[in-house]
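Trainee: I'll drop the sequence and a predicted model, then ask my questions.
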Amino acid sequence: MLGTTKTRAGCLPARMTKSLGGHGPRPQGSLAQKGGQARPSLSLQRLARSLSAASRRAVAMAAEANGSDGTFDYDFFCIGAGSGGVRGSRFAASYGAKTAVCELPFATKASLTTGGVGGTCVLRGCVPKKLLVYGSEYAKEFEDCNGFGWEKFDRPQHSWESLIESKNNEINRLTGIYKRILANNEVDLIEGRGKILDKNTVEVDGKAYRCRYIMIATGGLPFVPNIPGKDLVITSDDALDLPKMPKKIAIVGAGFIAVEFAGIFNSFGSDVKLFFRGDKILRGFDEEVRDFLTEQIEEKGIKVTPKTVPVEVIEGEDGKKGVVTSAGGDVEWFDEVMYATGRAPNVEGLGLENAGVETVGNGVIKVDDYSRTNVDTIFAVGDVTDRINLTPVALMEGMAVAKTLFNDTPTKPDHEFVASAVFSQPPVGTVGYTEDEALEKFGKLKIFTSSFRPLKNTISGSTERSFMKIIVDSASDRVVGVHMVGEDSAEIMQGIAIAVKMGATKADFDATVGIHPTAAEEFVTMRDVTREAVKELTPAA
């Protein structure tokens with residue numbers, strides 16, 4: 001049996017012999033039994049190749065010692081090979097841990113029995129969504145080019161089927177790359193559904209693996225409320241793989257997924273109507289961003305209907321779906337009804353109860369600052385913990401767990417000043433605090449805003465405008481929030497985020513020479529304060 005046990009003191013470098021929070025010695029590699037003779041694990045072999053002859057002998061001695069009463073198959077076992085799982089696994093392996101990750105068989109739509117290496121982002125989230133955004137944006141270019149002297153022409157016919165085929169080819173290529181990343185880092189990939197049997201055991205399709213540490217990175221699944229006709233609706237998974245483009249679609253929800261797909265389908269020529277329970281789209285974003293984007297998408301023809309949600313979806317002729325928004329009310333017919341009403345942690349059948357792992361709400365796994373659950377050997381990262389549900393955050397969290405456990409570097413993932421984007425049309429880029437959040441934290445703010453028509457649109461004839469906002473803590477002059485709605489906002493915000501994360505002040509922004517002519521230069525030329533905001537803060541107890 002594969003296993004790891006205690007090693008003789010002094011056989012390995014100090015960084016390979018410490019563990020998080022006093023849970024015992026760090027796993028030092030493992031052994032495989034073949035013909036009654038122990039052999040060093042791949043982890044120890046890799047380490048040995050990098051050391052001097054004397055150190056290699058010490059490693060060999062450690063391997064022999066491990067063979068005496070080994071009890072673990074793996075030092076680190078990850079359930080879920082999405083972004084966070086793959087990053088955590090490959091870093092754990094690079095630090096010398098014998099590592100495995102399990103993942104369900106590939107499918108474009110996730111379920112309790114299907115998934116795929118790469119996870120939500122690569123297979124049915126960020127990447128395929130962005131490919132559809134790219135495809136849909138050509139419609140605007142066909143219109144805008146006339147103002148620059150291109151002769152008017154009939155809009156080219158679009159093949160939705162070809163786009164979906166190209167998208168599927170790309171995600172197949174990407175899942176292959178992720179598999180090679182795991183193989184190149186000597187991470188064992190085990191296909192099947194992982195289930196926790198106890199704090200040190202994971203079962204995959206009937207086979208049990210003993211593990212020193214377990215990391216849960218199973219992500220989330222689309223959530224659809226339990227209404228009559230629930231089985232007639234589609235989710236974002238389905239929308240990315242529709243056999244044909246709907247001429248008319250209802251999208252229920254107001255978050256970034258709903259708004260992004262509204263833009264995609266609208267640009268491809270669909271009649272799009274957004275239904276949602278709240279007052280505005282994009283809850284949690286800056287209020288001025290929410291209002292400005294609503295104006296822009298309505299200008300493009302997307303119908304926005306706040307405080308209105310379906311109470312029932314009914315089936316009609318020729319596959320039509322009817323939306324009823326009040327009991328006994330009128331029916332509005334659509335080709336598709338898409339629900340983008342959030343995602344739920346993917347924990348069903350995971351066996352959390354077998355190890356006593358605590359959850360809250362709809363299954364969110366509780367973790368501490370180091371992504372450790374209440375069970376000292378079990379960690380969780382990514383959407384299943386419902387902290388900041390973004391791919392780069394899951395990457396950061398997975399890497400932090402690996403550093404903490406296997407690199408003698410206890411690391412807390414830093415969730416402050418995380419930049420993000422909404423690939424709506426126009427897109428949104430943001431980093432730091434909203435105005436309301438900043439006011440609660442800092443008490444006195446200077447707000448700088450600018451709204452303008454981009455240079456390109458002055459000739460193209462497009463009515464699309466851009467909006468920029470800088471939020472400054474008055475006491476320190478530090479820039480604590482930056483927000484933008486407009487073309488290239490995501491690309492611009494990635495650079496701005498570095499400055500904000502480093503603690504740049506408004507004086508630093510003002511001292512920066514802009515690049516002309518660009519929209520981005522507006523961020524370093526806003527001199528006049530739009531308004532000041534003040535709120536009396538309650539002293540901390």
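Mentor: Noted; the coordinates are in hand. Numbering: from 1, shown residues only.

Trainee: So the chain: which segments form each domain?
Mentor: According to automatic domain parsing, the chain comprises the domains 14-72, 120-167, 230-340, 420-534.

Trainee: For those, could you give me JSON lines that also reports mean pLDDT?
Mentor: As requested, the domains of the chain are arranged in JSON lines below (pLDDT from 0 to 100):
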{"stretch": "domain 14-72", "mean pLDDT": "40"}
{"stretch": "domain 120-167", "mean pLDDT": "96"}
{"stretch": "domain 230-340", "mean pLDDT": "96"}
{"stretch": "domain 420-534", "mean pLDDT": "97"}
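
Trainee: N362: which of the ones you listed is closest?
Mentor: With Cβ to Cβ as the measure, domain 230-340 is the member of the domains of the chain nearest N362 (15.6 Å). C-beta: built from backbone N, CA, C; applies to glycine.

Trainee: what's the span of that closest one, first residue to last?
Mentor: The distance separating the two terminal residues of domain 230-340, taken as Cα to Cα, to the nearest Å, comes to 13 Å.

Trainee: Kindly report the same for stretch 192-208.
Mentor: The separation between the terminal residues of stretch 192-208, taken as Cα to Cα, is 12 Å.

Trainee: Tell me the buried residues in stretch 222-241?
Mentor: Neighbour-count burial for stretch 222-241, counted by 16 or more other Cβ atoms under 10 Å, picks out P222, V224, G229, L232, V233, I234, T235, S236, D237, D238, A239, L240.

Trainee: Quick check, the fifth one in contact with V337.
Mentor: Yes. Under the criterion of Cβ atoms under 8 Å, V233 is in contact with V337, at a separation of 4.7 Å.

Trainee: shared neighbours of those two, which are they?
Mentor: With contacts defined as Cβ atoms under 8 Å, 6 or more residues apart in numbering, the residues adjacent to both V233 and V337 are V252, V313, K321.

Trainee: show me where the stretch 351-500 of the chain has helices.
Mentor: Assignment of helices within the stretch 351-500 of the chain using DSSP state H, counting those that start in this stretch yields the ranges 352-355, 391-406, 435-442, 455-460, 489-501.

Trainee: where exactly do the strands run in the stretch 251-400 of the chain?
Mentor: Counting by DSSP state E, counting those that start in this stretch, one finds strands in the stretch 251-400 of the chain at the ranges 271-275, 303-305, 312-315, 321-324, 331-334, 336-339, 343-345, 359-360, 364-365, 378-380.

Trainee: for D188, what are its contacts?
Mentor: Here D188 is in contact with Y74, T99, A100, V101 (criterion: Cβ under 8 Å, 6+ apart).

Trainee: wait, S94
Mentor: The neighbours of S94, taking Cβ under 8 Å, 6+ apart as the test, are N185, A402.

Trainee: Okay, and the spatially closest residue to D237 that is not a sequence neighbour sits in which element?
Mentor: In space, and not counting its chain neighbours, D237 is closest to K109: 4.3 Å by Cβ to Cβ, 6 or more residues apart in numbering. Per DSSP states H and E, K109 falls between elements, in no helix or strand.

Trainee: any idea how far A81 is from D205?
Mentor: When Cβ to Cβ, to the nearest Å is the yardstick, D205 and A81 sit 15 Å from each other.

Trainee: Looking at those two, which one has more neighbours?
Mentor: Higher neighbour count among D205 and A81: A81, with 30 against 11, using other Cβ atoms under 10 Å.

Trainee: Give me the phi and psi for the more buried one.
Mentor: The main-chain torsion angles of A81 are listed as degrees, to the nearest 10 and equal phi -110, psi 50.

Trainee: same deal with R212?
Mentor: Listed backbone geometry of R212 is phi -70, psi -40, with angles given as degrees, to the nearest 10.

Trainee: just the one 4 residues further on next, same as before
Mentor: Backbone geometry at I216, expressed as degrees, to the nearest 10, gives phi -100, psi 120.

Trainee: beta partners for it?
Mentor: I79, A380 (DSSP bridges).

Trainee: G80 is in contact with that one, correct?
Mentor: Yes. The pair I216 and G80 qualifies as a contact (Cβ under 8 Å) at a distance of 6.8 Å.

Trainee: what do these two both touch?
Mentor: In contact with both I216 and G80: V384, using Cβ under 8 Å, 6+ apart.

Trainee: ok, these two, which is more surrounded?
Mentor: Neighbour totals were compared for I216 and G80, and G80 leads with 33 against 30 (other Cβ under 10 Å).

Trainee: Please tell me I have it right and that one contacts G119.
Mentor: Yes. The pair G80 and G119 passes the contact test of Cβ under 8 Å, sitting 6.9 Å apart.

Trainee: ok so, going back, of all the shared contacts of V233 and V337, which comes closest to V472?
Mentor: Comparing the shared contacts of V233 and V337 against V472 with Cβ to Cβ places V252 closest, at 37.6 Å.

Trainee: Kindly provide the distance from I227 to A262.
Mentor: Remark: distance between I227 and A262 (Cβ to Cβ) = 20 Å.

Trainee: Same check on V384?
Mentor: Going from V384 to A262 by Cβ to Cβ gives 27 Å.

Trainee: The closest residue to T512 other than its chain neighbours - how many residues pack around it?
Mentor: Once its chain neighbours are removed from consideration, T512 has its nearest residue in V524; the separation is 4.4 Å (Cβ to Cβ, 6+ apart). Each residue near V524 was counted by other Cβ under 10 Å, and the total is 17.

Trainee: Got phi/psi on V524?
Mentor: With angles defined as degrees, to the nearest 10, V524 sits at phi -110, psi 10.

Trainee: Can you give me every residue that contacts it?
Mentor: With contact set as Cβ under 8 Å, 6+ apart, V524 has these partners: F509, D510, T512, V513, G514.

Trainee: go with 6 Å
Mentor: V524 is in contact with F509, T512, G514, counting by Cβ atoms under 6 Å, 6 or more residues apart in numbering.

Trainee: Over to E165. Which of the three states is it?
Mentor: helix (DSSP: H, G, I helix; E, B strand; the rest coil).

Trainee: State the distance from it to S159.
Mentor: When Cβ to Cβ is applied, the distance between E165 and S159 equals 9 Å.

Trainee: just the strands in the stretch 401-541 of the chain please.
Mentor: Taking DSSP E, counting those that start in this stretch as the test, the strands found in the stretch 401-541 of the chain are 420-422, 428-432, 444-452, 466-473, 479-485, 531-534.

Trainee: would JSON lines of these with distance to E287 and mean neighbour count be doable?
Mentor: JSON lines is the format used below for these (distance: least, Cβ to Cβ, whole Å; neighbours: other Cβ atoms under 10 Å):
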{"stretch": "strand 420-422", "distance to E287": "15", "mean neighbour count": "21"}
{"stretch": "strand 428-432", "distance to E287": "12", "mean neighbour count": "25"}
{"stretch": "strand 444-452", "distance to E287": "11", "mean neighbour count": "18"}
{"stretch": "strand 466-473", "distance to E287": "10", "mean neighbour count": "24"}
{"stretch": "strand 479-485", "distance to E287": "10", "mean neighbour count": "26"}
{"stretch": "strand 531-534", "distance to E287": "12", "mean neighbour count": "12"}
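
Trainee: So which of the ones you listed is nearest N146?
Mentor: strand 466-473 (21.2 Å).

Trainee: just the CA coordinates of that closest one, formatted as CSV?
Mentor: Backbone C-alpha positions of strand 466-473 (Å, rounded to 0.1, in the frame of the first residue of the first chain) are rendered in CSV as follows:
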residue,chain,number,x,y,z
SER,A,466,-18.5,55.4,-21.2
PHE,A,467,-18.5,56.1,-17.5
MET,A,468,-15.6,56.3,-15.1
LYS,A,469,-15.5,56.7,-11.3
ILE,A,470,-12.7,57.1,-8.8
ILE,A,471,-13.4,56.9,-5.0
VAL,A,472,-10.9,58.5,-2.7
ASP,A,473,-10.5,58.3,1.1
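
Trainee: and it, what other elements does it pack with?
Mentor: Counting contacts by 3 or more Cβ pairs under 6 Å, 6 or more residues apart in numbering; DSSP states H and E, strand 466-473 is packed against helix 435-442, strand 444-452, strand 479-485.
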